[in-house]
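Visitor: fold the following and give me the result.
(one chain, ligands or ions: 1)
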Amino acid sequence: MTRDFIEACYGRPVRRRPIWIMRQAGRYQATYRAVREKYSFEQVCTIPEVACEVTLQPITDFDLDAAIIFSDIMVVFPPMGMPVHFGDGGPKIARPIRSAADVAGLARLDPSFSLRFVTDAIRLTRRGLPESVPLIGFSGAPFTLACYAIEGATSREFAVAREFFYREPQAAQKLMSHLADGVADYLNAQIDAGADAVQLFDSWGGVLSPEDYRHWILPHMQSIVRKVRRPNTPVIVYVNGSSHLIEVLRDIPCDVLSVDWRTQLPMAAAKCPTQTALQGNLDPIALMAPVDEIEKRARTVMSQMDASGMGHVFNLGHGIMPNTPEANVHALVNVVHSRPPKAN
Ligand code: 1CP
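Guide: Okay, here's the model as predicted:
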């Protein structure tokens, strides 16, 4: 049995180039919207049978090469003592962190107990998936989690969170360590439950300068990856808006670096160690374009990666948009699968 997604993560030869799509904020599938008519977002996340059902939807509807467990990066907060509400304006945290005392009051994350619904969903989904389709587990990266924990809601620049880091550096470091310990335990619990790969989402790491990323975040990313990396279980790191950070990110010992559409692939490839694979990076908005334009842009991504000689997992540069026509997703998957990767 070949699992092209796992092979590509390690830069090994593949039968066909793997592709998967992150659905965050993406209610693009009619089958997903039908489930959400019946269940709230929290229910979809916390009832393992329902989480399993929606995890399988993109695999049933499209010929994708990996599934990602349906959950959210926010699920770690309630067990730490921060309740989260998912409303129309995105997730909201009732009592955000604003002081060193708030950081000291955070409970330790015990994922095998408090996030059992995630590991149960992973076990159930692993059994429901074909052997050939790997299941990706995930977590928010510590800085992105810290951003939401401090800000309390989404933001354009996370100014409140950055101010906390600069004003209360010791408390900020404590918060980062606390989150990093929890995230490592959480990812290990997901792998133990059957996740075949894990992805860390540092969705807001790009708001920092390279120097600040190196100082505040890099050591925690390194420590998490060292704690979770095992043979044949790739660790993927995604940092949105990170083209200015590649020289820092290359020091994370991950297997795959996932980059957004603003990052030039030849530049990222040249700066990363050759054994690191790249994941990405079609602009999700380009999926709204006519099919020939989608195909053209997908071919450019593939040619650039072929020229680099590195492993490549095709993906969007961020999550798929809710109003994306499903026919365009089919067209993208077809063009990616129809072009054999250059022998690597
Ligand atoms: O109405 C709905 O159904 C809610 C929309 C939604 C969905 C589908 C949210 C709220 N979360 C999710 C699922 C989700 N979130 C997945 C599931 C896997 C999949 O099916 O693809 C994953 C991997 C995430 C990860 C996630 N959640 C991230 C990291 C990725 C990224 O977008 O950069 C972040 C930042 C979140 C927070 C979050 N949850 C939901 C929203 C709308 C947001 C973003 C808020 C913001 O913009 O700041």
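Visitor: the ligand contacts on the chain?
Guide: Applying CB under 6 Å from any ligand atom, we find that the chain lies next to the ligand at 22-25, 27, 36, 41, 68, 70-74, 86, 90-91, 138, 154, 201, 203, 240, 319. Yep, even glycine has a C-beta here, placed from its N, CA and C like the rest.
Visitor: so which of those are in strands?
Guide: Secondary structure from DSSP state E places Ile68, Phe86, Gly90, Pro91, Phe138, Phe201 of those in strands.
Visitor: make JSON lines out of these and add pLDDT and neighbour count.
Guide: JSON lines is the format used below for those (pLDDT from 0 to 100; neighbours: other CB atoms under 10 Å):
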{"residue": "Ile68", "pLDDT": "97", "neighbour count": "22"}
{"residue": "Phe86", "pLDDT": "93", "neighbour count": "15"}
{"residue": "Gly90", "pLDDT": "88", "neighbour count": "13"}
{"residue": "Pro91", "pLDDT": "94", "neighbour count": "17"}
{"residue": "Phe138", "pLDDT": "98", "neighbour count": "24"}
{"residue": "Phe201", "pLDDT": "98", "neighbour count": "23"}
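Visitor: tell me which two in those are the farthest apart.
Guide: Distance extremes for these: the farthest pair is Ile68 and Gly90 at 19.1 Å, using CB to CB.
Visitor: pLDDT weak spots in the stretch 51-200 of the chain?
Guide: Judged by pLDDT under 70, the stretch 51-200 of the chain has no weakly predicted residues.
Visitor: quick one: the strands in it?
Guide: 67-68, 84-87, 90-93, 135-140, 197-202 (DSSP state E, counting those that start in this stretch).
Visitor: what about the closest residue to Lys342 other than its chain neighbours, how many residues nearby?
Guide: The shortest distance from Lys342 to any non-neighbouring residue, by CB to CB, 6 or more residues apart in numbering, is to Asp306 (4.1 Å). For Asp306, the number of neighbouring residues by other CB atoms under 10 Å comes to 17.
Visitor: closest point of the stretch 201-344 of the chain to the ligand, which residue?
Guide: Ser203 (3.1 Å; CB to the nearest ligand atom).
Visitor: quick check: that residue vs Leu179, distance?
Guide: According to CB to CB, to the nearest Å, Ser203 stands 14 Å off from Leu179.
Visitor: what does Gly309 give?
Guide: From Gly309 to Leu179 the distance is 36 Å (CB to CB).
Visitor: same question for Pro79.
Guide: 12 Å.
Visitor: Ala286 now?
Guide: 33 Å.
Visitor: who has more neighbours out of these two?
Guide: Between Ala286 and Leu179, counted using other CB under 10 Å, the more crowded position is Leu179 (26 against 17).
Visitor: you'd agree that one is up against Ala146?
Guide: Yes - between Leu179 and Ala146 there is a contact under CB atoms under 8 Å: 6.1 Å.
Visitor: quick one, what contacts Arg17?
Guide: Asp4, Ala8, Met302, His312, Phe314, Val336, His337, Arg339, Pro340, Pro341 (CB atoms under 8 Å, 6 or more residues apart in numbering).
Visitor: and the third one, which helix or strand is it part of?
Guide: Here Met302 is covered by helix 291-308, with elements defined by DSSP states H and E.
Visitor: got the CA positions of that helix in PDB?
Guide: C-alpha atoms of helix 291-308 as PDB (Å, rounded to 0.1, in the frame of the first residue of the first chain):
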ATOM      1  CA  VAL A 291     -10.900  26.400 -14.400                       C
ATOM      2  CA  ASP A 292      -8.200  27.200 -17.000                       C
ATOM      3  CA  GLU A 293      -6.800  29.900 -14.700                       C
ATOM      4  CA  ILE A 294      -6.900  27.500 -11.700                       C
ATOM      5  CA  GLU A 295      -5.000  24.900 -13.800                       C
ATOM      6  CA  LYS A 296      -2.400  27.400 -15.000                       C
ATOM      7  CA  ARG A 297      -1.700  28.500 -11.500                       C
ATOM      8  CA  ALA A 298      -1.600  25.000 -10.100                       C
ATOM      9  CA  ARG A 299       0.900  24.000 -12.900                       C
ATOM     10  CA  THR A 300       3.100  26.900 -11.900                       C
ATOM     11  CA  VAL A 301       3.200  25.700  -8.300                       C
ATOM     12  CA  MET A 302       4.100  22.200  -9.500                       C
ATOM     13  CA  SER A 303       6.800  23.300 -11.900                       C
ATOM     14  CA  GLN A 304       8.400  25.400  -9.200                       C
ATOM     15  CA  MET A 305       8.400  22.500  -6.800                       C
ATOM     16  CA  ASP A 306       9.700  20.000  -9.400                       C
ATOM     17  CA  ALA A 307      12.600  22.400 -10.100                       C
ATOM     18  CA  SER A 308      13.500  22.500  -6.400                       C
END
